[in-house]
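Peer 1: I would like to see how this sequence folds:
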Amino acid sequence: MKKIGWLGIMMFVLMSASVFGATVSIPNTNVNPGTTTVQIPINIDNANSIAGFQFTVTFDNSVLNATGAVVGSLTNGWLLQVNPQAGQISVIGASSTELGSVSGSLSILQFNVVGNPGNSTNLSFTVHKLADTNAQHIAHNAVNGNFAVSGYRISGYVSLTGGTSLVSAASLNLTGTVNKTTNPDSNGYYEFTDLMPGNYTITPVLNRYTFSPVNKTYTPLNSSQTNQNFTGTFQAQLNISSLYGIPNPSTGTHIYASGTLISASVNSPISGPSGTRYVCSGWTGTGSVPSSGTSNSTSFTIYQDSTLTWNWKTQYLLTYSAEPATCGTITVNPTAQENWYDTGQIITCTYVQNPGYIFEKWLINGVEAGSNPTLTVTMNTPKQITAVFKQVGFVLELDRNIVDVVLDADTFVETQVLISVNPVGQYSKVVNLSAEKIPETGIALSFHPGNGVVPFDSILNIHLSESIKPDTYPLEITGASEDGKNTYDIAVIAKTKVYIPDTYCANIKGETCLVPINISTAKGLAGFQIKIIYDKNVLNVMNVKQGELTTNWNINDSTNQGEILIKGVNKALQGLEGGKGSICTVTFSVVGNIPEEGVPIILESVNIADKEARSMPYVSENGIVLPGIKGDFNHDSIVDIFDVILCLRQALEIDPSVDNADMNKDGVVDIFDVILVLRKALGID
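Peer 2: Numbering: from 1, shown residues only. Down below sits the predicted model:
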C-alpha cells in the first residue's frame, strides 16, 4: 500500500515542470527473418536528476505484440509498472534517488515479433515524461524509433562476354510481389534486399546482349538466395555484301552470339553475258573478320560487330583458231586457265604456219586487225582471234586411200595407185615422191615417175610377196619440194581368201562327198571359227576332220539343223609359216536329191586369228555341191582314162586331193581306188 501511494504521489509530482536538457529515444531496430521476440530499449542521453519516468509507445500490432517491460541499464532496483495492450505499451518507473549525468536505457520494452520479413512499424511516443525527486518536470526531447523485420535477400553476379558494354550498364528487373530494379556494381555484383515472401522473377536486360539463364523465378521466395548469377553474351552483327554469287551466310545482316565460329564462302566463278564471267578475288573485313584475303572462303570467330565484303573481278574469254584449221597454229602469252583473262590484261598472239601455207591476216571478232607477225590484244571484252592463212605449193591426190589385195601363197600380188601432184595457186616446181612402209615387211614400192614438175601424175606400184602375212599395212606417201612437203596416208589391206570349192557328188542316197574349206594363204594363222549353212534335206554332216594345213590341230564341231560350227586351234599356239590348202574337211552324206543347180554350202561367218588373237583380214567365197558321176574327177560327164590318171596322180601324191577320189571310202586314196576307177572306165562296174 505504501508503494502504491508513493507511485501516486510521483504521478502527481510529474505534473510539475523543471528545466533540464535531455533526449529520450527509441533506437531503430532490425531483426532477421524468423526472429520471434525482441527487446527494444528506451534510451536517454543525459539522466541527470531523473528519479521517475512515464512513457506510452504505439506500434503496428500486426508486426509487434507487446508482452512487457523490464528496467533498463540505468534503473536497476527501480519500481516499474507496465501495461501492455494491443498496439501500445505504457510503462512507469520511479526511484527515491536521482540519477546522475549518465546515459543508458531507462526501460527495455519486450515484444513478440508477429510480422513477416519485410514488415516494419514505427515506435512512437504518445506519452513521454521525466521527473526529479522534487516531483518537478525535467524538460527533454523525444525521438521516435522504427522496427523492421529484415526481408529475404537475392544476390549474385552478372558477367558479360564480348562487346564493349560495362557490366554496370545492365539492369536487373525484379517483378512479382514487389517490383524493383537495380544495376550491378563495377564487379557485376547485385542484390535485392528486404523482400517479403512471395513470387518473384529476376530478368537481366542489356541492349545487344542475351542472358543465360534468361531469368530466374522464385515461386515462392521463402529464403535468401545467393549466387544467382547471369551471363550476358553480346549479340554481334555480321553484315555480308556481295555483287555476285550466293554467299553463305547470305547477303544482309545476321546476328550471332559472341564466340560463334563462322565459316563463310561464296560460289565462284559466276557466269555473265556470253564470254564474260565474274571471279571472286577475295574479301575485305572489319571487326572479327580478317581484314583481307584472296580466296572465296574464310573462317573466323565473331566477338564484335563485323562486316564481310566479297570482292569480284571480271574476266573475259579468249578463243583463238587458225583458218583453215589445219594450216597453222596460234600461241598466246601469257596463258590463262581455260583462256579466261582479267579485264584489262594484255596478251600477245603469234602464229606458226604449216608447210604449204602462208600467213595472210589477223581477225578480232571477225574484224581485220592487220598482218603483223604478232598481235597485241587488251582483254576488255570477249575476244575471238583468228589467224587466216592461204595455201601455196602443191597437194597430193590419190585415187584411193585403202588398197585391198587378196594374197596367194603360191605367187606374189601386185597392185597400183594413181598419184596426182597438183598445184595450189601458181606453182610449178619439182616434187620428189617417196613412201615409207610401216613396218618394213614383204612389200616393195616404186614410183613411175618418182619426181616431176607440178602438175604431173605418177603410178605407185605395190608388190606383195607370197610370204606376207594377212594384215593391214600403213603407207605414208610424201611429196617434197624446196618449199616443204605434203604427206598422204594410205592403208594396204592384205587379205587371205577363205573359200569352199565346187564339189561333185553322185546323186545317190547314202553316197558321201568330201567338202574342203580352203585358204589362199595361211601365213600367221593360229586359229579359226567358221559357221557353215547347208540344206539339211539334201545333205547330212557325217564328220569334220583336219585339213592339209592343220593335221596337228584340235578341230571341234557342233551341228544343229542345217548349221555346223567348226573351231580349230593350233596345239602349238603358233601361227602357221604359210602355205595354201584346206584348213578342215567336212564329209557329207546324201540324204535327198541334189538338184541340177547344186546345193549351196554357205560360209555364214568366218573368224581367223593369229597367235596374239588378232583378227586377220579375209574375203570369203561360198561353195556348192553339184550332182556328178562317181569317178568323173574332171567333170566331163564320162569316166575314162583321164579320170584314171587323175586318181593315180592323187594316189602317188603328185597332185592335191581330187574330189571324191576315195572310191572305196576307206579314208585313203591308193591303188585300190585307181583299180575301181579303171574298172568303171572299162565298163566292168
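Peer 1: Poorly predicted segments of the chain, please.
Peer 2: Applying pLDDT under 70 to the chain picks out residues 1-20, 356, 392, 438-440, 636-637, 656-660, 665.
Peer 1: Check it for its longest strand and report it.
Peer 2: strand 306-323 (DSSP state E).
Peer 1: That one pairs with which strands?
Peer 2: strand 230-242 (parallel), strand 276-286 (antiparallel), strand 340-342 (antiparallel), strand 383-391 (parallel) (DSSP bridges).
Peer 1: For the ones you listed, give me JSON lines that also has distance to N43.
Peer 2: Bear in mind the C-beta positions are built from the backbone N, C-alpha and C, glycine included. Output for these, formatted as JSON lines (distance: least, C-beta to C-beta, whole Å):
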{"stretch": "strand 230-242", "distance to N43": "44"}
{"stretch": "strand 276-286", "distance to N43": "68"}
{"stretch": "strand 340-342", "distance to N43": "94"}
{"stretch": "strand 383-391", "distance to N43": "106"}
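Peer 1: Please enumerate the helices of the protein.
Peer 2: In the chain, the helices defined using DSSP state H lie at 2-13, 641-651, 671-681.
Peer 1: circling back to that earlier point, for the strands paired with strand 306-323, give me TSV that also has distance to T219 and mean neighbour count.
Peer 2: Listed next are those as TSV, based on distance: least, C-beta to C-beta, whole Å; neighbours: other C-beta atoms under 10 Å:
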stretch	distance to T219	mean neighbour count
strand 230-242	19	20
strand 276-286	46	18
strand 340-342	68	18
strand 383-391	77	18
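Peer 1: quick one, what contacts A69?
Peer 2: Counting by C-beta atoms under 8 Å, 6 or more residues apart in numbering, A69 touches L80, V82, P84, I89, V91, S107, I108, L109, Q110.
Peer 1: one more time with 10 Å, if that's ok
Peer 2: Shown in contact with A69 (C-beta atoms under 10 Å, 6 or more residues apart in numbering): 39-42, 55, 57, 80-84, 89-93, 106-111.
Peer 1: Select only the buried ones of those in PyMOL?
Peer 2: In PyMOL, this line selects whichever of those come out buried by 16 or more other C-beta atoms under 10 Å:
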select buried, resi 40+41+42+55+57+80+82+84+89+90+91+92+93+106+107+108+109+110+111
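Peer 1: Narrow the contacts of A69 to those in strands?
Peer 2: Judged by DSSP E, strands contain the following of the contacts of A69: 39-42, 55, 57, 80-84, 89-93, 106-111.
Peer 1: From N664, how far off is V590?
Peer 2: Taking C-beta to C-beta, to the nearest Å as the measure, V590 falls 17 Å from N664.
Peer 1: So which of those two has more stuff around it?
Peer 2: The neighbour comparison of V590 against N664 (other C-beta atoms under 10 Å) goes to V590, with 21 against 12.
Peer 1: Show me what the nearest residue to P617 once chain neighbours are set aside is bridged to.
Peer 2: With C-beta to C-beta, 6 or more residues apart in numbering as the criterion, P617 has its nearest non-adjacent residue at 4.3 Å, and that residue is K495. K495 forms beta bridges with V406, as assigned by DSSP bridges.
Peer 1: my guess is P213 contacts T233, does it?
Peer 2: No - P213 lies out of contact with T233 (C-beta atoms under 10 Å); the separation is 11.9 Å.
Peer 1: Alpha carbons only: can I get stretch 249-267 in PDB?
Peer 2: Only the C-alpha atoms of stretch 249-267 are listed here, as PDB (Å, rounded to 0.1, in the frame of the first residue of the first chain):
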ATOM      1  CA  PRO A 249      25.800 -16.600 -95.000                       C
ATOM      2  CA  SER A 250      23.600 -14.700 -97.400                       C
ATOM      3  CA  THR A 251      23.900 -11.000 -98.100                       C
ATOM      4  CA  GLY A 252      22.400  -8.800 -95.400                       C
ATOM      5  CA  THR A 253      22.700  -8.500 -91.600                       C
ATOM      6  CA  HIS A 254      23.000 -11.600 -89.400                       C
ATOM      7  CA  ILE A 255      23.100 -11.800 -85.600                       C
ATOM      8  CA  TYR A 256      25.500 -14.200 -83.900                       C
ATOM      9  CA  ALA A 257      26.300 -14.900 -80.300                       C
ATOM     10  CA  SER A 258      29.700 -13.700 -79.400                       C
ATOM     11  CA  GLY A 259      32.200 -16.600 -79.700                       C
ATOM     12  CA  THR A 260      30.400 -18.200 -82.600                       C
ATOM     13  CA  LEU A 261      32.700 -19.800 -85.200                       C
ATOM     14  CA  ILE A 262      31.500 -18.800 -88.700                       C
ATOM     15  CA  SER A 263      32.600 -20.400 -92.000                       C
ATOM     16  CA  ALA A 264      31.800 -18.000 -94.800                       C
ATOM     17  CA  SER A 265      32.100 -18.700 -98.500                       C
ATOM     18  CA  VAL A 266      30.700 -17.700-101.900                       C
ATOM     19  CA  ASN A 267      30.400 -19.700-105.100                       C
END
